[in-house]
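Colleague: Give me the fold of what follows.
(2 chains)
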2 protein chains.
Amino acid sequence: MVVHKYGGSSVATTEKILDIAKSLKEIYDKKEQIVVVVSAMGKTTNKLISLAHEITSNPDKREMDRLMSTGENQTIALLSIALNSLGVPSVSYTGEQLEIKTKGVHMKNTIESINKDKILKALDENKVVIVAGFQGVNAIGDVTTLGRGGSDTTAVALSCVLKCKCEIYTDVDGIYRIDPRIYSDAKKIQNISYEEMMELAYLGAGVMEPRAIELGYKYGVPIYVGKTLGLKNGTNITKERNNMEDQEITGISVNSNTLMVTIDGIPTYAHNLEPIFQKASELGINIDIISHNDVISENGSIAFTTPRTDENLIKELFDSVKISADTKILINKNVVKVSLVGIGMMTHGSVVAKIFNVLSENNLSFHQISTSEISISLIVDESISNQVASLLAKKFNI
Amino acid sequence: MVVHKYGGSSVATTEKILDIAKSLKEIYDKKEQIVVVVSAMGKTTNKLISLAHEITSNPDKREMDRLMSTGENQTIALLSIALNSLGVPSVSYTGEQLEIKTKGVHMKNTIESINKDKILKALDENKVVIVAGFQGVNAIGDVTTLGRGGSDTTAVALSCVLKCKCEIYTDVDGIYRIDPRIYSDAKKIQNISYEEMMELAYLGAGVMEPRAIELGYKYGVPIYVGKTLGLKNGTNITKERNNMEDQEITGISVNSNTLMVTIDGIPTYAHNLEPIFQKASELGINIDIISHNDVISENGSIAFTTPRTDENLIKELFDSVKISADTKILINKNVVKVSLVGIGMMTHGSVVAKIFNVLSENNLSFHQISTSEISISLIVDESISNQVASLLAKKFNI
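Modeller: Next comes the predicted model:
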């Protein structure tokens, strides 16, 4: 048994849907049991969001979930029509029909449970089961959606309850150590651990959403990421790291959704900083790297990064907290976060030294540096970010 | 309490949806309780059908129902978003959520029951309730659709369970005695009985589907048909006929979806005819008017009409039944059915005489004539059908 997931660009036209159906038929003919999760066709979700925004800038979130869920509902019907037309019996189900129970706020729900009865019954009847990704139903029976990357989460969650492998098909042929558009010698990763993949995903490598990987990690679901209808030479995400790949650094992510805020000329006592970060938390601002000089001084400075998409919230923050006239707020949108990820880092103390070596040899500077157990992130000017990433990729043989 | 229904052309754009929301707000502000049924936006249903037909000419019907239902699901979300944005609390429900239980074959289901609990609860909470038309859910939990005119049926069925009036809003300003495009002096009907309206609808007057009217008749639901956002001067369909309108003929329908089959040179014994009509029934051919000369002869003739849309089935019929070499099958697609409807007819024997008078005075001929309790239909050549309808409209002061 296997769960397949096809993203929006893979099902963008009826022709592509029919091609996927033909490839599923080949697997079906080999007597494999298949559950397929699909996203909305191409740009459908964005088009539906635009329709709502033609009406109001702040559409009701319950109704947005209803609206957006129709995209996936169309794809499941069309794929099932395609399979049935090829003589492969198949049946489509919405999140509501499968009782994919979710909780949380509309547009950002998380999956609590899935009733697998209908799926097992249909598989028993030799049917291919097609499931609408990205959606579920909450305790009061309203349709919900799972937010960004929701279809990946649906697929992995189904693999969890069905105890089977999850294959994520997309328009790239696997996960690369670094985006090949930035570093053309980038190598594809054959095997990666959940922890490293999560770290890469959190840090901005866009192929899969962190929460889907986290779910796979928790339940030990093997995940494969590869190209739709392509060769089976993508990336496997598993518990065991391939020991043959004894790399210090598994991958490098370059995240340009980064904005740096510097608060300059502030007495850096905790009681001065607390109101700012308290308000930031209330506004839901996503604080990433914080740095300040350790010396408590009357004329200190503290900096932090957030996603650029939080820019309006940052402005709201400094409109609403009291700041002394001597304090300057600097917002720098021209920065990028370059992150190195690798379990190998834990045992190799030399990574930071090598990074500084690369920077100094090339006369490149950075704004902030931050380390976690298996990653190191640098905030650098956008103008040099690709250069920094490429030099580091070369240095660490990425 | 009132049920409104808005058809596809009334909700074709987000601008139109917002206009409807504004008009509903005015009613809501007067403390009326409102349930709104909507169709899919503009040509959405046809576009969805085209997508399926890009994949196969014979799409799985269960999946077609799933696919088509997404159209209405988009409209309910958008209308609810519009109302909420205007400060009118509203909530949308699918047929599945409201437990609109249906039975029958996919794409042609009929409503069995509706659970009104969610509706009453939402109305109690001062919300406008928005319901997806045209859809329901069957006993095994699959989404179903109700076939042609399904949204009208949803609206009237809701009025039945809520025991309230049903207002059908469309792009025409009421029901006319005869299509004004055929007879420009056509008068609008202010009040019409269910029986007459059903008869007109069955005979091809396109404004409302007969089954929705039949349902209203059965449960005594007052139905209003008028223009979306127009003056309230449309047509009321009620039990009581307005006695002031003492017309012999209430309306004239002109139905060009008519095809006449003549079987010429057949011994018109029942045992000769039975296999033909048995097979026609198996094929689901909709036999309308049958006529033959009463003389049983070795060289007889029999004719019947069917919808033109059944033409392929008619060809299949005569490919599969045995017919003697002497028998000729003539299929005439250039005929139209002109029907006169009126309860007054029951007490006025003069209608047939007047029809023949009009035809003979104008040297016009007909192929078939058929009478029912409250209607008379003529099959005439398409080339003269509008002339016949106009002359009859004038004669009967329609």
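Colleague: Let me know the secondary structure of whatever residue of the stretch 101-250 of chain A ends up closest to chain B.
Modeller: Residue nearest to chain B within the stretch 101-250 of chain A: A:Gly141 (6.0 Å; C-beta to the nearest C-beta). Every C-beta, even on glycine, is put in place using the N, C-alpha and C of the backbone. Under DSSP: H, G, I helix; E, B strand; the rest coil, A:Gly141 falls in the coil class.
Colleague: if I pick it, what's in contact with it?
Modeller: A:96, B:97 (C-beta atoms under 8 Å, 6 or more residues apart in numbering or on different chains).
Colleague: ok, now with 6 Å
Modeller: Residues near A:Gly141 by C-beta atoms under 6 Å, 6 or more residues apart in numbering or on different chains: none.
Colleague: same question, A:Gln33
Modeller: A:1, A:123.
Colleague: let's see it at 10 Å
Modeller: A:1-3, A:27, A:119-120, A:122-124, A:126-129, A:162, A:164 (C-beta atoms under 10 Å, 6 or more residues apart in numbering or on different chains).
Colleague: Greatest separation within these: which pair is it?
Modeller: Comparing all pairs in the contacts of A:Gln33 by C-beta to C-beta, the longest separation belongs to A:Ile27 and A:Leu120, at 18.4 Å.
Colleague: Count the residues that sit near A:Cys166.
Modeller: 27 (other C-beta atoms under 10 Å in any protein chain shown).
Colleague: pull the helix or strand with minimum mean pLDDT from chain A.
Modeller: Ranked by mean pLDDT, DSSP states H and E, the helix or strand of chain A with the weakest confidence is strand A:290-292, at a mean of 81.
Colleague: Give me the buried positions along whatever helix or strand comes next after it.
Modeller: Next along the chain after strand A:290-292, taking DSSP states H and E as the criterion, comes strand A:300-306. Applying a neighbour-count criterion of 16 or more other C-beta atoms under 10 Å in any protein chain shown, one finds A:300-306 buried in strand A:300-306.
Colleague: Okay, strands next: where are they in the stretch 101-250 of chain A?
Modeller: A:101-103, A:110-113, A:128-132, A:135-137, A:143-145, A:165-170, A:191-193, A:223-227, A:235-238 (DSSP state E, counting those that start in this stretch).
Colleague: Same list (those strands) but as TSV, adding distance to chain B.
Modeller: Listed next are these as TSV, based on distance: least, C-beta to the nearest C-beta, whole Å:
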stretch	distance to chain B
strand A:101-103	15
strand A:110-113	18
strand A:128-132	9
strand A:135-137	9
strand A:143-145	8
strand A:165-170	19
strand A:191-193	36
strand A:223-227	23
strand A:235-238	31
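Colleague: Could you say which of those strands is packed most deeply?
Modeller: Of those, the one with the most neighbours on average (mean count of other C-beta atoms under 10 Å in any protein chain shown) is strand A:143-145, at a mean of 30.
Colleague: who's in contact with A:Tyr224?
Modeller: A:2, A:4, A:165-169, A:174, A:232, A:234-238.
Colleague: nope, A:Ser193 is what I was after
Modeller: Neighbours of A:Ser193 in contact, by C-beta under 10 Å, 6+ apart: A:199, A:217, A:237-242, A:250, A:342-343, A:374.
Colleague: quick one: average pLDDT of stretch A:343-363?
Modeller: Confidence over stretch A:343-363 (mean pLDDT, whole number) is 82.
Colleague: in that stretch, what counts as buried?
Modeller: A:343-345, A:351, A:354-355, A:358-359.
Colleague: Need the max-distance pair from those residues.
Modeller: A:Ile343 and A:Leu359 (23.6 Å).
Colleague: if we can go back for a sec, of the contacts of A:Tyr224, the lowest pLDDT goes to which?
Modeller: The model is least sure about A:Lys232 among those, giving it 88.
Colleague: what sits against that residue?
Modeller: A:167, A:224, A:226.
Colleague: Tell me the spacing between it and A:Asp171.
Modeller: For A:Lys232, the distance to A:Asp171 (C-beta to C-beta, to the nearest Å) stands at 16 Å.
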